[in-house]
Each structure stands twice: as structure tokens, then as C-alpha cells.
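S.K.: take this sequence and fold it.
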Amino acid sequence: MHYTVFNGDADGILAAVQLQLHAPVESVSVTGVKRDIALLQQVVPQAGDVIHVLDISMQKNHAALEHCLAQGATVLYADHHNPGEIPTHANLAAHIDLDANTCTALIVSDLLGREHHLWAIAAAYGDNLFARAEAEADLLGLSATEKQQLNALGTYVNYNGYGAHIDDLHYHPAALLAELVKYPNPFAVISDTKSVFHRLAEAYAADMAQAQGAQVRMDNASCKVIELANAPWARRVSGVIGNQLANDYPDKAHGVLTLNTDGSYTVSIRAPLNNKQGAAAVAEQFATGGGRAGAAGINALPAAQVEQFCQALNKMYT
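M.R.: Numbers count the residues shown, from 1 in each chain. Model (predicted):
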């Protein structure tokens, strides 16, 4: 069996697109909403299986990885999150890069000799690595219009991954991957007026319009925290609106609180683009928090700890 285990956001999906275009193979997709990262345990490995694992924390999947290797599977693991202890095994090819200015799709692109690098640039835009994406686009001599198009594609694919459960999403990430691999490059997707790009563009615009009325919980020179409602549209924009705020105010940190049905909050954290550190350190102060230096999250922040979160964010960046 061949498995592709990937995060349901732009980085995971567009890393998988590159691998599939490089070497097309019938593969079982294992994925979920963006915050569903304990994915490798869903694989039931056997000797000879090939497993590609993309953009999910090795640290959070360590036991499942050890099990896959022990059963005789071969694993390619590409990621940019803290891996914890990386197993030493002949069947494991681990490509981990913790640089705050890289993402999994860029790592995969380098592994493939930049064969499908346009997809990696779109992923970098979607992962809010705006400066890196622009620099990579400049190396290819892309026009301002082409950059904007790749930015939009990455943003829309990333937007689709946010939700409390699959029903919140417009496309199951596995279905979105299956649609995108039909095209040789991102511009082919964009030029097809019936493609997922245009469907997601319409949905994105509608959801972001609703987000303009978000409640502001804190706003000062160092950081801003907003609150979104308990609604599917709010869950869908919870990550991309954080990216938008980070780009609009690059010297500020941002927190986006999205109300959950049980009264807790899902939190997206973005470090200032001009100071991409500390986001994970803030998130990890809370029981269900984690992430990277530049972007992190908390899966279920109790309502009673919202003020504590605001103060932790403010302390980190003041």
C-alpha cells in the first residue's frame, strides 16, 4: 500500500500535489481539518508499505511512526514543526527544517529539484510566508499578476482547511488534493473557470465579509486579539483572518478567538511578521496549545482563561 498522510491546509496539500505530480501513484489519503494532526495512527502499516507524511508534527505522531517502521514500512517524513526525538531507522527519510521562513511544500520542492516549484510558492503564500514567497517568485521572474494569483490560490486552499470538523469545510482535504493534481501547475487551475479555485474564491469572499464585524478583545501597540462567533463561517476564516491581520500590521502579534459550542475558544496566534518568534511559547502555556515560532494555536481555551491568554500574548511582545 501507498499512503499520503498530510495536514489539510495549503502547506500539506500542496506538498502532496508536488509528490503526486512527480511520481503519480495510487495512494490512500489520510488527512483532516487543519488542527487534526494525530493522523499517522490511522494507518495500519504492513511490511513494504510506502508512507509519505507531510506537515504534521513528528513529536505528536512519534509512537505511530515507530510502529510503522517496526512493521517494515518505508517512511518519507517532511515537516517544519518541532520533531522531538527523530528515530534512527534505515526505512526513515526525515526532512525536517525548523527555519521560521520555510514550510513543508518548500522542503518537498527542494527534494524534487524544484520540479513543481510554483505549487510550493502558492503554499508559502498560504502559510503566510509572504516575504519568502515573493522572493521565490522573483527568482522565477513572475509578474505582479502571477504573484497575486499564487497568493490567492494558497490563501483559498489554506482557508478551506479550517473548521472544527470536516462538515465545516467546503472540500474534504483529500477531495481537494484529488482535484488539484488534475492540473500540471497552479496557473492551469486558476485559468479553468470551473475549477475549485473559483468556487473557493466566492466562498472566501462571503465568509471574510462576515468577519469584518469581529469583536475586538484587546488592541494596543504590540498586539491585537479579536473574537469570532460560534459559526461555520467563523471557523473557516479563523486562520486566514489572522494571516491577513499579520500582513496588514507586521509589527503586531495577533490572536483570533473562535467560540466553540462548549463555550471554550479555539485560538489562532500569529507572531509579528517583523519578529517571527514566540507564538508557540505563548500557546504552550495552555493545555491544548502548540505550534511554531511564527504561528501557533490553542485547540480549546477555557473562557475563564481568555484574559490570561491576552496578557500572555501582550507580555511576549511588549
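
S.K.: what is the mean pLDDT for stretch 69-80?
M.R.: For stretch 69-80, mean pLDDT is 98.

S.K.: now it, how far from the centre of its chain.
M.R.: In terms of Cα atoms, centre = their mean, to the nearest Å, the centre of stretch 69-80 is found 20 Å from the chain centre.

S.K.: stretch 168-183 too?
M.R.: 15 Å.

S.K.: just the buried residues of it, please?
M.R.: 168-174, 176-177, 179-181, 183 (16 or more other Cβ atoms under 10 Å). (Glycine included, C-beta is placed from N, CA and C.)

S.K.: distance to Ala214 and secondary structure added to those residues, as a markdown table?
M.R.: Output for these, formatted as a markdown table (distance: Cβ to Cβ, whole Å; DSSP: H, G, I helix; E, B strand; the rest coil):
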| residue | distance to Ala214 | secondary structure |
| --- | --- | --- |
| Asp168 | 18 | helix |
| Leu169 | 21 | coil |
| His170 | 21 | coil |
| Tyr171 | 25 | coil |
| His172 | 27 | coil |
| Pro173 | 26 | helix |
| Ala174 | 31 | helix |
| Leu176 | 26 | helix |
| Leu177 | 31 | helix |
| Glu179 | 30 | helix |
| Leu180 | 30 | helix |
| Val181 | 35 | coil |
| Tyr183 | 34 | coil |
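
S.K.: from those, pick the one nearest Ala133.
M.R.: Comparing those against Ala133 with Cβ to Cβ places Leu180 closest, at 17.6 Å.

S.K.: so who does the closest one touch?
M.R.: For Leu180, the contact set (Cβ atoms under 8 Å, 6 or more residues apart in numbering) comprises 13-14, 17, 157, 189, 196.

S.K.: again, only using 6 Å
M.R.: Val17 (Cβ atoms under 6 Å, 6 or more residues apart in numbering).

S.K.: pLDDT score for it?
M.R.: With respect to pLDDT, Leu180 scores 98.

S.K.: how about Gln41?
M.R.: 97.

S.K.: swap in Arg292?
M.R.: Confidence score, pLDDT, at Arg292: 88.

S.K.: contacts only, for it.
M.R.: Counting by Cβ under 6 Å, 6+ apart, Arg292 touches 81, 280.

S.K.: for Val43, same thing?
M.R.: Counting by Cβ under 6 Å, 6+ apart, Val43 has contacts Tyr3.

S.K.: for the stretch 1-150 of the chain, which segments count as helices?
M.R.: Using DSSP state H, counting those that start in this stretch, the helices assigned to the stretch 1-150 of the chain run over residues 10-22, 62-70, 104-111, 117-126, 130-139, 144-160.

S.K.: SS state for the closest residue to Asn220 other than its chain neighbours?
M.R.: Sequence neighbours aside, Asn314 is the residue nearest to Asn220 in space, at 7.0 Å (criterion: Cβ to Cβ, 6 or more residues apart in numbering). Here Asn314 is recorded as helix under DSSP: H, G, I helix; E, B strand; the rest coil.

S.K.: please enumerate the helices of the stretch 151-300 of the chain.
M.R.: Along the stretch 151-300 of the chain, the segments classed as helices by DSSP H, counting those that start in this stretch run 173-180, 186-191, 196-211, 232-237, 240-248, 279-283.
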